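Enquirer: sequence first, predicted model second:
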Amino acid sequence: MLEGADELLLVEFQPKGSDLLATLVLVTSRGLTFNDFPAKCEAGSSCWREGDGGVINARDFHLVGAFRISTGYEFAIAWDRPEGQSTILIESGVFRERADWYRYWAR
């Protein structure tokens, strides 16, 4: 897929009370880099996105594009949910979110 990149993973950690954490992990020969998605949630309510029921699913994430930059890669990743889609631009060298777009759809 990407030269020097082995995998792009979504990992969900065990909740600690109402605190939730999921992270995108880029696995390369140089190590691991992370982009965290923390959330606060009460049982059965929306946590990461409206209407998610406290569930985050790797099937809702789509790699739209990958671009080589001086520090590694930038990834455009779309995140689908029932009410719409967010697209985030993440820089892999520090794996930080650089931009976020949202579009709403009614179904």
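Expert: All right, it came through fine. Numbering: from 1, shown residues only.

Enquirer: beta partners for the residue positioned nearest the centre of the chain?
Expert: The chain has Leu24 as the residue nearest its centroid, 5.0 Å off, counting by C-alpha atoms, centre = their mean. Leu24 has these beta-bridge partners by DSSP bridges: Leu10, Asn35.

Enquirer: was I right about it contacting Leu8?
Expert: Yes - with contact defined as C-beta atoms under 8 Å, Leu24 counts as touching Leu8 (6.7 Å). C-beta: built from backbone N, CA, C; applies to glycine.

Enquirer: circling back to that earlier point, look at the residue nearest to the centre of the chain and report its pLDDT.
Expert: Leu24 is assigned a predicted lDDT (pLDDT) of 86.

Enquirer: mind listing the strands for the protein?
Expert: With strands called from DSSP state E, the chain shows them at 5-12, 19-28, 31-40, 61-69, 72-81, 84-91, 96-104.

Enquirer: quick check: the gap between Ala66 and Ile77.
Expert: 9 Å (C-beta to C-beta, to the nearest Å).

Enquirer: so between these two, which is more surrounded?
Expert: Ile77 (20 against 16; other C-beta atoms under 10 Å).

Enquirer: how much space between the more buried one and Lys40?
Expert: Distance from Ile77 to Lys40, by C-beta to C-beta: 22 Å.

Enquirer: cool, Leu32 as well?
Expert: Separation of Leu32 from Lys40 (C-beta to C-beta): 25 Å.

Enquirer: okay, now the unreliable bits of this protein?
Expert: Residue ranges of the chain with pLDDT under 70: 1-5, 44, 92-99, 106-107.

Enquirer: how far does stretch 15-35 stretch from one end to the other?
Expert: 17 Å (C-alpha to C-alpha, to the nearest Å).

Enquirer: likewise stretch 42-61?
Expert: 23 Å.

Enquirer: and the contacts of it?
Expert: Residues outside stretch 42-61 that contact it (C-beta atoms under 8 Å, 6 or more residues apart in numbering): 9-10, 12, 18, 20, 22, 24, 37, 39-41, 77-83, 86.

Enquirer: any buried residues in stretch 74-94, and which?
Expert: Buried positions in stretch 74-94, judged by neighbour count with 16 or more other C-beta atoms under 10 Å: 74-79, 81, 85, 87-92.
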